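got a sequence here, can you model it:
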Amino acid sequence: MLRFAAIAFLTFGLALPGCTSQRSRDLEVGWELMQAQNYLAARDKYIEILAEYPNEPFALLNLGVAYHNLGEYDLARQNYEAAIVHGKNAEVTRVVEQGSVTTTVTTVADKSRENLALLPKP
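Below is the predicted model:
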């Protein structure tokens, strides 16, 4: 199963300069949809976030995971690659794997590289 990442809701404002509370809420909704493995709804939420914040690293990574789980590998690859570029300094503190939330310390870029390596070769 793929891992996807986001930081805890209360730390979004601290970790993302200029982050609005609505943006934090939207990211948290996306996180909850990913935990529930509702990848279609999560995809739509992350597309909505990226329409306003096109370089949002957590949305890019998790949209990649949603596409990956939906079998849309080219779109997953595009989002993972963008998350690598924009997520170098975005710290991840929670990941979900096989429905379980675990604590970790990594970056969006590193998690995106891990997921990118799991994609089938083009």
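
quick check: next helix or strand after the lowest-mean-pLDDT helix or strand in the chain?
Within the chain, confidence by mean pLDDT, DSSP states H and E is lowest for helix 12-15 among all helices and strands, at a mean of 36. Using DSSP states H and E, the helix or strand that directly follows helix 12-15 along the chain is helix 21-35.

whichever helix or strand comes after that following helix: which residues count as buried?
Sequence order places helix 39-52 as the next helix or strand after helix 21-35, per DSSP H and E. For helix 39-52, the neighbour count (16 or more other C-beta atoms under 10 Å) marks 39, 42, 43, 45, 46, 49, 50 as buried. Placement of C-beta: from N, CA and C, glycine included.

helix or strand: which one has the most centrally placed residue in the chain?
Among the residues of the chain, the one closest to the centroid is residue 62, at 2.4 Å (C-alpha atoms, centre = their mean). Of the helices and strands defined by DSSP H and E, residue 62 is found in helix 57-69.

now do that helix: distance to the chain's middle.
On the basis of C-alpha atoms, centre = their mean, to the nearest Å, helix 57-69 sits 5 Å off its chain's mean C-alpha point.
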